[in-house]
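Chemist: Let's see this in three dimensions:
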Amino acid sequence: MNRYKLNHLKTPLIGITALLVVSITGCKSSSTSTVALNGAGSTFVYPVMSHWTDDYTQKHPDIQINYQSIGSGGGVEQVRSGTVDFGASDNPLTDAKLADMRPVIQIPETAGPVCVTYNLPGLKQPVQLSAEALSGIFLGTITTWQDPLIQHDNPGVQLPNVKVVVAHRTDGSGTTNAFTTYLAAVSPDWKQKVGAGNAVQWPAGIGGKGSEGVTGLVRQSPGAIGYVELTYANQNKLPVASIKNLAGKYIAPSTASTTAAIAGFTDQLAKDPRTPIVNPPASAPDAYPIATLTFLIIPQDGPDRAKRTALKTFIQYIITDGQTEAAKLDYAPLPEGVKQFDQQALKHLTAAGQPLP
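Modeler: Residues are numbered from 1 along each chain as shown. Take a look at the predicted model:
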């Protein structure tokens, strides 16, 4: 593998206190040693990571996996400081951030949509929103649900005459990064005035901590609109908007529409898996336009061979059998080309400088 791929493989439900601890119990010899793996990072991936660790450790009772859902930025920092065996991040590390990291491998692990949810009492059909309307809402230039731009997206629908209440995250979040990356891609005003990132200076609205904070604000405020993960929206029975894509179709967030978004960037992802998958081209007519890949960030080397071997096998599970499990939780399975990229990257994991099996 060339230096670019090696260096650039170095590569972000709910709240900073969320802690996944899979405890290993059952019948095993007292002489059997347990290998403990520690990970931290993305809240976006927490539901599927919880399922992966439970499923994997049931099949491998000699391995214990702890995952702290502390946010993508926190996961990256813990990998940097060497306090975890792996991190998870919803936005990949840039070249500048890679330069400050120990040698790491960065690989996509799954993908999912960012949903736009709202509180419009009495409205039966899903709201449809164009890029212009959505960016105007979060810029604060659209202040009522009967704004002409929103009404144009929803012909024949009697929208309530209530003010728009924007709800957004206050904590650093990979979900925020994906959402603002989309807004920056579709709105020159947003790109100039706000930009994209895990945390931004919001021009309008009220803030809540974590997806549960945004959901609480939306639920208690008629006219409110916010953004959350699909799994979170489904589990809480929240309505989600269909977003107009570049093909001119209003697409609802789903596993299938996220897979279509990934497919819209096949060539770019083959060259650099860090490519954002927001606002897919018109050649992907069924793609939902606000989606993100999530990434594992793994130190390239470590001193403990047993732990490093266990880590490699766990990650191989994630990018193979784990993809089927991810689909059950509304995450989009990785396409074959990306999985092959991941497998090639894992060949560069070592223990004390020596290759792993």
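Chemist: Can you name the residues bridging to Val104?
Modeler: As for beta bridges, Val104 partners with Pro299 under DSSP bridges.
Chemist: That one is in contact with Val76, isn't it?
Modeler: No - assessed by Cβ atoms under 8 Å, Val104 is found out of contact with Val76, at 9.4 Å. To be clear about C-beta, it is placed using only N, CA and C from the backbone, and glycine gets the same treatment.
Chemist: who has more neighbours, those two?
Modeler: Each of Val104 and Val76 has its neighbours counted (other Cβ atoms under 10 Å); Val76 has more, 27 against 22.
Chemist: Other residues contacting the one helix or strand the more buried one maps to?
Modeler: Applying DSSP states H and E as the criterion places Val76 in helix 72-81. Under the contact criterion Cβ atoms under 8 Å, 6 or more residues apart in numbering, helix 72-81 has outside partners 12, 16, 39-44, 68, 70, 84, 86-91, 93, 97, 100-102, 104, 172-174, 177, 198, 297-299.
Chemist: Stretch 192-209 now?
Modeler: 12, 15-16, 71-73, 91, 138-140, 165-174, 176-177, 180-181, 183-184, 213-217, 226.
Chemist: CA-only coordinates of that stretch in CSV, if you can.
Modeler: Below are the C-alpha coordinates for stretch 192-209, written out as CSV (Å, rounded to 0.1, in the frame of the first residue of the first chain):
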residue,chain,number,x,y,z
GLN,A,192,-20.1,31.7,4.0
LYS,A,193,-21.9,32.6,7.2
VAL,A,194,-21.8,29.3,9.2
GLY,A,195,-19.8,26.6,7.5
ALA,A,196,-19.6,22.9,8.6
GLY,A,197,-18.2,21.2,11.7
ASN,A,198,-18.9,19.1,14.8
ALA,A,199,-20.0,22.4,16.4
VAL,A,200,-21.0,25.7,14.7
GLN,A,201,-22.3,29.1,15.6
TRP,A,202,-26.0,28.6,14.9
PRO,A,203,-27.6,31.7,13.4
ALA,A,204,-31.1,30.8,14.8
GLY,A,205,-32.8,28.5,17.3
ILE,A,206,-32.4,26.9,20.7
GLY,A,207,-29.9,24.2,21.7
GLY,A,208,-30.2,20.9,23.4
LYS,A,209,-27.6,18.4,24.5
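Chemist: joint contacts of Val104 and Val76?
Modeler: With Cβ under 8 Å, 6+ apart as the test, Val104 and Val76 both reach 93, 297.
Chemist: where do the helices sit along the stretch 1-150 of the chain?
Modeler: 3-8, 46-59, 72-81, 95-99, 131-139, 148-153 (DSSP state H, counting those that start in this stretch).
Chemist: Just the mean pLDDT for the second one, thanks.
Modeler: Averaged across helix 46-59, pLDDT comes to 96.
Chemist: need the helices of the stretch 1-150 of the chain in JSON lines with distance to Gln344, can you?
Modeler: Below are those laid out as JSON lines (distance: least, Cβ to Cβ, whole Å):
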{"stretch": "helix 3-8", "distance to Gln344": "8"}
{"stretch": "helix 46-59", "distance to Gln344": "21"}
{"stretch": "helix 72-81", "distance to Gln344": "21"}
{"stretch": "helix 95-99", "distance to Gln344": "18"}
{"stretch": "helix 131-139", "distance to Gln344": "36"}
{"stretch": "helix 148-153", "distance to Gln344": "43"}
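Chemist: Can you check which of those helices gets nearest to Asp272?
Modeler: Ranking the helices of the stretch 1-150 of the chain by proximity to Asp272 (Cβ to Cβ) places helix 3-8 first, at 7.1 Å.
Chemist: on that earlier part again, of the helices of the stretch 1-150 of the chain, which is nearest Asp304?
Modeler: Here helix 72-81 is closest among the helices of the stretch 1-150 of the chain (Cβ to Cβ), at 15.9 Å.
Chemist: Quick check: mean pLDDT of the closest one?
Modeler: 92.
Chemist: Kindly export that helix (C-alpha atoms) in CSV.
Modeler: Extracted as CSV, the C-alpha positions of helix 72-81 are listed here (Å, rounded to 0.1, in the frame of the first residue of the first chain):
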residue,chain,number,x,y,z
SER,A,72,-16.7,11.8,17.8
GLY,A,73,-14.3,14.4,19.0
GLY,A,74,-13.8,12.7,22.3
GLY,A,75,-13.1,9.4,20.7
VAL,A,76,-10.5,10.9,18.5
GLU,A,77,-8.8,12.5,21.5
GLN,A,78,-8.8,9.3,23.4
VAL,A,79,-7.1,7.5,20.5
ARG,A,80,-4.6,10.3,20.3
SER,A,81,-3.8,10.0,24.1
